[in-house]
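Undergrad: Fold the stuff below for me.
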Amino acid sequence: MKDGFVSVACGAPPLRLADCDYNAEQTFTMMRSAEQAGAKVLVLPELGLTGYTCGDLFYQDALLRGAEQALATVLEATRNLEIVTAVGMPVRVNNKLYNCAVIIQKGSILGIVPKTHLPNYGEFYEKRQFAPAPAEDDYISFCGQEAVPFGAGQIFTCENLPELVLGFEICEDLWAPESPSVAMARAGATVICNLSASNEVLSKDRYRRQLVTTQSAKLLCGYLYASAGEGESTSDVVFGAHQLIAENGTLLGEKRFENGLLLSEIDVQKLCYERRRTQAFGDAEEKKNYCGFTLTPVTTKLTRYIAPKPFVPEGKEDRDARCREILLIASLGLKQRMEHTGAKTAVVGLSGGLDSTLAVLITGLAMKMLDRPMTEIVAVTMPCFGTTDRTRNNAVILAEKLGATLRTVDISASVRSHFKDIGHDMADHSVTFENAQARERTQVLMDIANQTGGIVIGTGDLSELALGWCTYNGDHMSMYAVNASIPKTLVRHLVAYLARDNAEKDEALRDVLEDILDTPVSPELLPAVQGQISQKTEDLVGPYELHDFFLYYLLRWGYSPRKIYRLAQYALGGQYSREVILKWLKTFYRRFFSQQFKRNCLPDGPKVGTVALSPRGDWRMPSDAQWTLWQAELETL
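TA: Have a look, this model is predicted:
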């Protein structure tokens, strides 16, 4: 349970209809297997101790006594197991029969939750045997235990991991317009467990999957769904043991037409963070926790997938769709800004690097939307001390192939004159040497924009803003920053997507884009060595692949340094050693805190994803915030 990860399981044991002794044995066997696998929560199917399709046998005392005795057998057999398990069975209360989830742990009943919504259509006729959950919760005596909580309003809180709060509903409850899980989530439940017996018909699995994932997204919760499988009657229907585990709209695991266990991990810290961030349940009323339970703290073994590049979809189809959408959002934003300001031109500093390439390509898309000629894009190359022939030539070719107006302004003489004015030695390649060039380039762009009645299009990306890898009032500044919420790992894919898009239309444009993709990332502010780039960004600040990983989990989910470090090892450990990950994680935090002053005065730019650093609603922190708390945690790793 360390770092908020809780191992959970859905199970579908084989059963025999009305053979309660056999079903009890299968139940406690599966509970033992789940505990051995590390699971802390297990959900079993609806009416699993009897079978769902018993029909009018549910009227028989023999079956009801057999079910209660089966539960007693399970409790005795699992008295040393701490796994919290939901078992399905019929329960008699005051001459009414209820379809229930019985929540058990260490040989005791924590509570009994009756089904609220009973289906009575098609192949379902539950109202023939069962009553819906009573309006008021109560306490009953059951299976030799007194004062057992009984009611549909219960939630179950883990006392030593308060972020883990369980709620239980049964099959049709999820399909109903007013699912009990809504009230449970509002009362604090972070994991909803559903005991189900949903039969298989064509395409029903898709609808079921959509219901589970949507409910988990709507309620910002984990959702465990366990449906009945082999052993149920096939007189009219077939059950496929459909098992689903979802978390906040993401399907973590699925199993169908196969009995057994489905395991994954729910990140309850993540869910609680998202509820705090969105204040989704800020007006929730206090509800009684009918039962608390404890779990032995352990480091949960991770089996769920953690994407090494969280900003970049791994499948080509999904990745291309994301690229199309980002390009559309960014170009629409620029189109609106151009129209609103009445700008006659869009001025882009074109270096031959990835960021400026993406910026000019987005600008080209906006111009097409505006039905304006590409000549109104003013592409400015500004060679200086570190510019190589490769990047200069690529910038020129790119501008020409796009049909932009190309201007070349060599800033070397201006920078030398400036150094003379301030008394800076040309041999001193310190930050002054570098930043003077960046600021001169920004001045040139701004003045050309004034000359042509245009606006300057910013090229800096999200990753650079996070690290402060930009010159204050240099490339940090523009009149509209189209790349400002696009991380570096995604910039590369966007340019690659546009290169493929132009593969047949313009082979020369494709070739120059591919060469730009192969060029090392560099600001080219230090003199070239034998015509080659001497300053490689990732050698200085670390791999952008790591920094984007850190950035995503810090901003999107509020993870601690320890948790980010653990996940980075899990997702990227095959590429980077523990020492390398920790080194650049420390660099990331140090730079992220120290460079906030640059982000507090960013130009406007289109937000394209859930992670952005604009101070106007996305990320707000004081420039003077200390990072000592985060640093102290990093030093313990």
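
Undergrad: Just to check, Gly260 is in contact with Pro14?
TA: No. Assessed by Cβ atoms under 8 Å, Gly260 is found out of contact with Pro14, at 9.4 Å. For glycine as for every other residue, the C-beta is placed from the backbone atoms N, C-alpha and C.

Undergrad: residue contacts, Cys508?
TA: Residue 508: Ala, not Cys. 397, 401 (Cβ atoms under 8 Å, 6 or more residues apart in numbering).

Undergrad: Quick check: which element contains it?
TA: Under the criterion of DSSP states H and E, Ala508 resides in helix 507-518.

Undergrad: And that helix, what's buried?
TA: 509-513, 515-516 (16 or more other Cβ atoms under 10 Å).

Undergrad: Which one of those is nearest to Val456?
TA: Ile516 (20.9 Å; Cβ to Cβ).

Undergrad: Look up how far Gly558 lies from that closest one.
TA: Note on Ile516: its distance to Gly558, by Cβ to Cβ, to the nearest Å, is 35 Å.

Undergrad: Angles on the backbone of Tyr98, please.
TA: Dihedral pair for Tyr98: phi -120, psi 140, per degrees, to the nearest 10.

Undergrad: Would you state the strands of the stretch 1-150 of the chain in chain order?
TA: Applying DSSP state E, counting those that start in this stretch to the stretch 1-150 of the chain gives strands spanning 5-12, 41-43, 84-93, 96-105, 108-114, 138-142, 145-150.

Undergrad: Tally up the residues packed near Thr296, please.
TA: 8 (other Cβ atoms under 10 Å).

Undergrad: So it is in contact with Glu82, correct?
TA: Yes. Using Cβ under 8 Å, Thr296 is in contact with Glu82, at 6.3 Å.

Undergrad: so what's Arg556 closest to, chain neighbours aside?
TA: Val611 (5.2 Å; Cβ to Cβ, 6 or more residues apart in numbering).

Undergrad: Only C-alpha atoms, please: export the helix or strand containing Leu494 in CSV.
TA: For Leu494, the element it lies in under DSSP H and E is helix 488-501. Extracted in CSV, the C-alpha atoms of helix 488-501 (Å, rounded to 0.1, in the frame of the first residue of the first chain):
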residue,chain,number,x,y,z
LYS,A,488,9.4,18.1,-26.0
THR,A,489,8.7,14.3,-26.3
LEU,A,490,5.5,15.2,-28.2
VAL,A,491,7.1,18.0,-30.3
ARG,A,492,9.2,15.3,-32.1
HIS,A,493,6.1,13.2,-32.9
LEU,A,494,4.2,16.2,-34.2
VAL,A,495,7.0,17.1,-36.6
ALA,A,496,7.3,13.4,-37.6
TYR,A,497,3.6,13.3,-38.3
LEU,A,498,3.7,16.3,-40.5
ALA,A,499,6.8,14.8,-42.3
ARG,A,500,4.8,11.7,-43.1
ASP,A,501,1.8,13.8,-44.1
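
Undergrad: Show me which parts of it are buried, residue by residue.
TA: Using 16+ other Cβ under 10 Å as the test for burial, helix 488-501 gives 488-499, 501.

Undergrad: same check, this time on stretch 312-326
TA: Here stretch 312-326 shows 312-313, 319, 322-323, 326 as buried, counting by 16+ other Cβ under 10 Å.

Undergrad: One more: stretch 76-93?
TA: Going by neighbour count (16+ other Cβ under 10 Å), the buried part of stretch 76-93 is 77-78, 81, 83-91, 93.

Undergrad: Now render these as TSV, adding pLDDT and distance to Lys127.
TA: Supplementary listing: the buried residues of stretch 76-93 in TSV, determined by pLDDT from 0 to 100; distance: Cβ to Cβ, whole Å:
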residue	pLDDT	distance to Lys127
Ala77	96	34
Thr78	96	33
Leu81	96	35
Ile83	97	33
Val84	97	30
Thr85	98	28
Ala86	97	23
Val87	98	23
Gly88	97	18
Met89	97	18
Pro90	97	14
Val91	96	16
Val93	94	17
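
Undergrad: Now render the residues you listed as JSON lines, adding distance to Tyr544.
TA: What follows is the buried residues of stretch 76-93, written out as JSON lines (distance: Cβ to Cβ, whole Å):
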{"residue": "Ala77", "distance to Tyr544": "54"}
{"residue": "Thr78", "distance to Tyr544": "50"}
{"residue": "Leu81", "distance to Tyr544": "46"}
{"residue": "Ile83", "distance to Tyr544": "42"}
{"residue": "Val84", "distance to Tyr544": "42"}
{"residue": "Thr85", "distance to Tyr544": "45"}
{"residue": "Ala86", "distance to Tyr544": "45"}
{"residue": "Val87", "distance to Tyr544": "50"}
{"residue": "Gly88", "distance to Tyr544": "50"}
{"residue": "Met89", "distance to Tyr544": "55"}
{"residue": "Pro90", "distance to Tyr544": "58"}
{"residue": "Val91", "distance to Tyr544": "57"}
{"residue": "Val93", "distance to Tyr544": "61"}
